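Q: Prediction below, plus the sequence it came from.
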Amino acid sequence: MERKWEKVFNILSVGEYPPFFTSNQKFKLRRYASKFTIKGGELFFGDKKAVKSRDEARALFNEFHVAPNGKHLGIFNSRRALCAKFYWFGMTRDIEKWVLECNECKTRPLTPAQIKIKRLAQNPPKIKRGVLNKKVEEAKKLAAYAAVDYHVKDNQIVGIGSGSTIVHVIKRLAERVRKENLNVFCVPTSFQTRLLIQDIGLMVIDLNRHLEIDVAIDGADEVDSELNLIKGGCGCLTQEKIVASCAKSFIVIADYRKDSSALGEQWKKGIPVEVIPMAYVPVSRAIQSQFGGSADLRMAVSKAGPVVTDNGNFLLDWRFDQEHNWSAVNTTIKMMPGVVDTGLFINLAERVYFGMEDGTVKIRDKNML
Ligand SMILES: O=C(CO)[C@H](O)[C@H](O)COP(=O)(O)O
């Protein structure tokens, strides 16, 4: 934590990189540091003071965890109080851990959210060893269950992504609605998801009826170390991005194969781009000439001709051959006439749950970066 703080402070104050940094590491550090500013000799993340050391963070926690009336705040309220003013690398995890370790709090009964976090942290469910497919399926299920159990509450509007991992979300949600008598409405992101939701008996609602979604849960094809995503392997990226952007929080679930440090490391099928059919050749050429690589029309498997999306469009899969500034690339491609949207989800995800091979769930959170 101290080292990360110093790296950001040094690059912003004197433009100095740590010794032996490669150009790729320098690029990443510059991009990360661009979210911070220095005011009066102090480092700020937006308008929040960036805390330098774990000791300082612990002292702040001790101060903010106990309200003026002496009452100890739970995880949610402690986090809310601290996040309003401060930022440190890994603060969500630290606060969760310190509240659970607080001796005073241990004498009080845990809230359902605390019980779930404790269970996840101390007693991760184990999966049976088996063939790869079985392990991957178990990993998907673990991630889906963790996301539904931790983020979905009564009386919520929930955005539901598309793909095979999402099937576990729908099953778990239906189970909870039945057992806990929850009142939950689902906004689907594809025809496939709409059918699954309806078949299992969950309630469907459209964005034109309800503009604000409490939480959207979706899968991904790849997640990088900064929670940027490639999506659209199943071709539903446009509706998925609309739903994610209307959600107060966007939570991603994935199995361990999708965890990478940089986009393209794990996912080799390229970045999907949805295009109006008449524009697929000009868009493909424009992408190739500006960014290199190859952008090819996705062909259907059980149908002659190209894949047609739920919106009646075509898909290009752009296999890039070098690392790019993904935010800039996304904006440039989106501006090309005929492009509907791209499978680059930049700065949208708040938290990712990875179901791991060993049966644990790994969390990557925006506030922990
Ligand atoms: O973006 C998507 C669909 O457009 C999916 O979330 C992504 O392709 C992951 O799918 P799966 O859960 O089947 O691996």
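A: Received, thanks. Residues are numbered from 1 along each chain as shown.
Q: use CA for all of it now, contacts and neighbours both
A: Will do.
Q: Quick one: the strands in the stretch 201-350 of the chain, in order.
A: Secondary structure of the stretch 201-350 of the chain (DSSP state E, counting those that start in this stretch): strands at 203-204, 213-218, 222-223, 229-230, 247-255, 271-275, 294-297, 314-319, 339-342, 344-345.
Q: any idea how far the first one is from the chain center?
A: So that's strand 203-204. Here strand 203-204 is found 24 Å from its chain centre; the criterion is C-alpha atoms, centre = their mean, to the nearest Å.
Q: Mean confidence (pLDDT) on that strand, please.
A: For strand 203-204, mean pLDDT rounds to 96.
Q: Neighbouring strands - and their directions - for that strand?
A: Using DSSP bridges, strand 203-204 pairs in its sheet with strand 184-188 (parallel).
Q: Name the residues of the chain found near the ligand, please.
A: Within the chain, the positions lying close to the ligand (C-alpha under 6 Å from any ligand atom) are 162-165, 218-221, 231-237.
Q: Mean neighbour count added to the strands of the stretch 201-350 of the chain, as TSV?
A: Output for those, formatted as TSV (neighbours: other C-alpha atoms under 10 Å):
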stretch	mean neighbour count
strand 203-204	16
strand 213-218	24
strand 222-223	29
strand 229-230	26
strand 247-255	24
strand 271-275	28
strand 294-297	20
strand 314-319	24
strand 339-342	22
strand 344-345	23
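Q: between the residues of the chain next to the ligand, which is nearest Val307?
A: Gly235 (8.4 Å; C-alpha to C-alpha).
Q: Is it correct that the closest one is in contact with Leu315?
A: Yes: at 7.3 Å, Gly235 counts as touching Leu315 under the criterion of C-alpha atoms under 8 Å.
Q: what residues do those two have in common as contacts?
A: Counting by C-alpha atoms under 8 Å, 6 or more residues apart in numbering, the contacts common to Gly235 and Leu315 are Pro272, Thr309.
Q: Point me to the residue sitting farthest from the middle of this structure.
A: In the chain, the residue that sits farthest from the middle, by C-alpha atoms, centre = their mean, is Asn69; the gap is 36.5 Å.
Q: From Val136, how far off is that one?
A: Asn69 is 49 Å from Val136, where distance means C-alpha to C-alpha, to the nearest Å.
Q: Run a quick check on Val148 versus Arg172, I expect a contact.
A: Yes: if you go by C-alpha under 8 Å, Val148 and Arg172 touch, sitting 7.0 Å apart.
Q: Neighbour count: these two, which is higher?
A: Taking other C-alpha atoms under 10 Å, Val148 and Arg172 do not tie; Val148 has more neighbours (22 against 19).
Q: Quick one: residues contacting that one.
A: Neighbouring residues of Val148 by C-alpha under 8 Å, 6+ apart: Val169, Arg172, Leu173.
Q: Figure out the helix or strand that it lives in.
A: In the assignment (DSSP states H and E), Val148 maps to helix 132-151.
Q: try Arg172
A: Using DSSP H and E, Arg172 sits in helix 164-180.
Q: relative orientation of that helix and strand 247-255 in degrees?
A: For helix 164-180 against strand 247-255, the angle by axes from the mean of the first three to the mean of the last three C-alpha atoms, to 10 degrees is 120 degrees.
Q: Report all helices and strands that helix 164-180 contacts.
A: The contact analysis (3 or more C-alpha pairs under 8 Å, 6 or more residues apart in numbering; DSSP states H and E) places helix 164-180 against helix 132-151, helix 191-200.
Q: Can I get these in JSON lines including mean pLDDT?
A: Listed next are the helices and strands packed on helix 164-180 as JSON lines, based on pLDDT from 0 to 100:
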{"stretch": "helix 132-151", "mean pLDDT": "95"}
{"stretch": "helix 191-200", "mean pLDDT": "96"}
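Q: Any chance of CSV for the ones you listed, columns distance to Arg30?
A: Compiled in CSV, the helices and strands packed on helix 164-180 are given as follows (distance: least, C-alpha to C-alpha, whole Å):
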stretch, distance to Arg30
helix 132-151, 32
helix 191-200, 39
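Q: which of those is buried the deepest?
A: Comparing the helices and strands packed on helix 164-180 by mean neighbour count (mean count of other C-alpha atoms under 10 Å), helix 132-151 comes out on top with a mean of 21.
Q: can you give me the angle that one makes with strand 247-255?
A: On the basis of the same axes, to 10 degrees, helix 132-151 is oriented at 160 degrees to strand 247-255.
Q: ok now the next helix or strand after helix 132-151, how far from the chain's centre?
A: Of the helices and strands lying after helix 132-151 in sequence (DSSP H and E), the nearest is strand 156-160. How far strand 156-160 lies from its chain's middle: 15 Å, per C-alpha atoms, centre = their mean.
Q: how big is the angle separating strand 156-160 from helix 164-180?
A: Interaxial angle, strand 156-160 versus helix 164-180 (the same axes, to 10 degrees): 160 degrees.
Q: And the helices in the chain?
A: 2-13, 23-33, 54-65, 75-83, 91-101, 103-106, 112-122, 132-151, 164-180, 191-200, 237-245, 280-291, 326-334 (DSSP state H).
Q: Of those helices, which is nearest Phe345?
A: Using C-alpha to C-alpha, the helices of the chain put helix 237-245 closest to Phe345, at 7.4 Å.
Q: okay, the angle between that closest one and strand 271-275?
A: Interaxial angle of helix 237-245 relative to strand 271-275 (the same axes, to 10 degrees): 100 degrees.
Q: gap between the residue in the stretch 251-369 of the chain positioned nearest to the ligand and Tyr353?
A: Nearest residue of the stretch 251-369 of the chain to the ligand: Ala254, at 6.8 Å (C-alpha to the nearest ligand atom). Using C-alpha to C-alpha, we find Ala254 at a distance of 6 Å from Tyr353.
Q: was I right about the residue of the stretch 251-369 of the chain closest to the ligand contacting Gly355?
A: Yes: using C-alpha under 8 Å, Ala254 is in contact with Gly355, at 6.3 Å.
Q: Good, wrapping up.
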